[in-house]
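Visitor: this is a predicted model, with the sequence first.
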Amino acid sequence: MHITFLDRFEARPGRILQWTPSEISTGSTYPVPPTSNQQLHLAGSRGDTTWLAATFDVPGPIDTDALKASFEEWTSRHDALSCSFSQAEEPGGSSALFVDVADVGDLRLREETVADARTPEQVRELLGERLDRWCNPFAFPAYFLGAITREDQSTVICGFDHAICDGWSMSIAITEISTLYREYTQANRVPIASDLLPEPGSFLNYCFRESATADPEPGDHRIAGWRSFLRSCGGDTPHFPVDLGLPAGTMSPQGTDTRMLLDTGEAELFDQNCADHRHSSFGAILASIGLATTQLTGKRDTHLLFPVHTRREPRHNHTFGWLVANAPITVTSMDNLHSTARAVNLAFHESLSLSSVSSRQVLQSLGPEVSPTRRDIFSVSYADYRSMPGGSRPRTSQSSESPSCKSQSCKSQSCESQPAPINPQQLSRVSSADDVQFWFSRTHDGLAVRTRFPAPAARTVHTFLECVSEILSTP
C-alpha cells in the first residue's frame, strides 16, 4: 500500500471515466446526530471538502459493465455511503447538523467520459477538480467513482469526503471493489457480495451508540487528564515543537513529503529490535519524534495527539465509515531510543483511556480553559496495513495470503486465497495548513511516512524528518 498526496500521484495518462447516480431517491433525515468527529470536521470545513481517495490497477482497458456493477453493489453494501449532511437554523441564530440518508437500495449509475488526459499533470488536475466537486458532504453522493482506462493497464479510483470515511476504510474500498470487479469480469459470473465479502457492520448503528453515550461529569478523571495535558500545552492544543516561522492564525499553502524510512529488511530488524527491548514499534516512532525535538530545540517534552481507531468489536472490522478517536501524549526524552520508547509505552496505555471521551466532549467540558491558536493540530499517526482488511502484501508477491482474512467476521474462506489488488494507493487532498501532521505506515515493503505542513516551513520539516530517520535507523 502506497500512501501519498494528489500532487505526488504518478498516474499514466488515459481516458478518465466517472460513474454518477442516474436517479437519487429523496433522502430522509436520520434521527441520530452526527458523530463528534463529523460535527467538528463539518463545522470547520468552510465549504471545502477534505477528501480521501483510493486507487488500484486492473489488467487491460476498463470493463465498464463490470465496474458499473461492482460500484452499484458496493455502494449499496455500506450505509455510510448513503449519507450526506444538512444544517438547519435553530432559535437564537445557531444551527444544528443532521444526517440525511438517501435510498440507495436501487441505485443505478451512469457512465460519462470526463476527458482524455495526455500527461500526468492533466490527470492530477482533472481528478482534483472532480474529487473536489463530488466529495461534498452537504450533497449526495459525497463521493467520486471513476477510472482511468488504458489499453494495457487501467486504474480504478474512488474518493470520499472525510466525514464518511477514515484511512482504514480506504483499505476496505480497495479490497472489496477489486474483488467484485475481478468476479464480474469472469465469464458467466454473477457475484453475490454476501458470499464473497465479510459482513460490513453498520456505521449508522455505530453513530447511534456514540450519541447514546452520556457526557462525562465535570469531575471525570478523563477530563482531568485532558485538562492537565492541555495546560502543559499552555492552554492550547499541541503544535509542532520546532518554530515553523508562521504567525498564529495564518494559513499557508500546504507542503507535502512522502518518504520510505526503512526498507523491508530494515523494518523487520527494527520491529525485532523493539520487541527485544520490550516496547512497541509505535512507541519507538513516538520516541524518535521526542528525541528529534530534543536534538533540534533542547526541549525534553514533546506534546502531540495520535488517532486511535474505535473498531473495538469484530462487527466493525469491515465497516466503511469514520471510526476514530484521538488521544493525547507527552513524549519525554530519555537517554536513548529504547529507554524513551519504554517510557512512551507506559504513557501510551494511560493515554488510551483518555480517548474514550470525544474531542467535542473535551472542548465542551473545558470551555474557555482551551484557546487554540492554530486551526491544525500536531498529530502523529501510525497504521500497520498488514493487519487491515485485504492486508499488505509485498509488491513482488501479489497473491500471498492476507492476515486480515482470518477474522471471524469473514464468512467466506475464499477471501483467504483472493489475489491482492494491484498497486493499491491512498491519496489525500492538498489544501492549506498551519501545522504539521505525520502519518507513519507499516507495510510488507517497509516503514514509510507521509507529512503535511505549511509550505514555507519545508526546510524545517525536512531537517526534522532527517533527524527522525537517523534515530530510527540506529540500532
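Guide: Cool, the structure landed. Residues are numbered from 1 along each chain as shown.

Visitor: may I have the secondary structure class of residue 449?
Guide: strand (DSSP: H, G, I helix; E, B strand; the rest coil).

Visitor: cool, and residue 186?
Guide: State at residue 186, reduced to three classes by three-state DSSP: coil.

Visitor: near it, how many other residues are there?
Guide: Neighbours of residue 186 under the rule other C-beta atoms under 10 Å: 10. All C-beta spots, glycine's among them, are computed from the backbone N, C-alpha and C.

Visitor: repeat for the one 10 residues further on
Guide: The criterion is other C-beta under 10 Å. On that basis, residue 196 has 18 neighbouring residues.

Visitor: that one and residue 183 touch, don't they?
Guide: Yes - assessed by C-beta atoms under 8 Å, residue 196 is found in contact with residue 183 at 6.4 Å.

Visitor: would you list the phi and psi of residue 441?
Guide: phi -130, psi 130 (degrees, to the nearest 10).

Visitor: so what's it up against?
Guide: Residues near residue 441 by C-beta atoms under 8 Å, 6 or more residues apart in numbering: 1, 3, 382, 383, 384, 385, 447, 448, 449, 450.

Visitor: same check on residue 250?
Guide: residue 434.

Visitor: doesn't it lie inside a helix?
Guide: No - Residue 250 sits outside any helix when classified using three-state DSSP, being coil.

Visitor: for the protein, which residues score under the pLDDT cut-off?
Guide: Low-confidence segments of the chain (pLDDT under 70): 24-27, 44-47, 89-96, 105, 187-194, 392-418.

Visitor: the nearest residue to residue 22 once chain neighbours are set aside: neighbour count?
Guide: Among residues not flanking residue 22 along the chain, residue 110 sits closest, at 4.4 Å (C-beta to C-beta, 6 or more residues apart in numbering). Burial of residue 110 is recorded as 11 neighbouring residues (other C-beta under 10 Å).

Visitor: centre of the chain to the host helix or strand of residue 110, how far?
Guide: For residue 110, the element it lies in under DSSP states H and E is strand 109-117. Here the centre of strand 109-117 is set off from its chain's centre by 27 Å, with C-alpha atoms, centre = their mean, to the nearest Å.

Visitor: now the angle between strand 109-117 and the helix or strand that that strand is followed by, please.
Guide: Helices and strands here follow DSSP H and E; after strand 109-117, the next one along the chain is helix 120-134. Angle of helix 120-134 versus strand 109-117, following axes from the mean of the first three to the mean of the last three C-alpha atoms, to 10 degrees, is 150 degrees.

Visitor: what does the following helix or strand past helix 120-134 rub up against?
Guide: Next helix or strand after helix 120-134 toward the C-terminus (DSSP H and E): strand 143-149. Strand 143-149 is contacted from outside by 11-20, 51, 53, 61-62, 64, 67, 71, 75, 81, 109, 114, 117, 123, 127, 130-131, 134-135, 154-161, 164, using C-beta under 8 Å, 6+ apart.

Visitor: for stretch 59-73, report the contacting residues that lie outside it.
Guide: Stretch 59-73 is contacted from outside by 17, 19, 107-109, 111, 145, 147, 149-154, 156, 158, 177, 180-181, 184-185, 191, 193, 422, using C-beta under 8 Å, 6+ apart.

Visitor: next, the buried residues of it.
Guide: 62, 63, 66, 67, 68, 69, 70, 71, 72, 73 (16 or more other C-beta atoms under 10 Å).

Visitor: go on, stretch 328-339?
Guide: Neighbour-count burial for stretch 328-339 [16+ other C-beta under 10 Å]: 328, 329, 330, 331, 333, 334, 337, 338.

Visitor: convert it to PDB, retaining C-alpha atoms only.
Guide: Below are the C-alpha coordinates for stretch 328-339, written out as PDB (Å, rounded to 0.1, in the frame of the first residue of the first chain):
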ATOM      1  CA  PRO A 328      -3.000  12.900  23.900                       C
ATOM      2  CA  ILE A 329       0.500  12.000  24.900                       C
ATOM      3  CA  THR A 330       3.700  13.800  26.200                       C
ATOM      4  CA  VAL A 331       6.900  12.200  24.900                       C
ATOM      5  CA  THR A 332       9.700  12.700  27.400                       C
ATOM      6  CA  SER A 333      13.200  12.200  26.000                       C
ATOM      7  CA  MET A 334      15.400   9.800  28.000                       C
ATOM      8  CA  ASP A 335      19.000   8.600  27.300                       C
ATOM      9  CA  ASN A 336      18.300   6.800  24.100                       C
ATOM     10  CA  LEU A 337      15.600   5.500  21.700                       C
ATOM     11  CA  HIS A 338      14.800   2.400  23.700                       C
ATOM     12  CA  SER A 339      14.600   4.000  27.200                       C
END
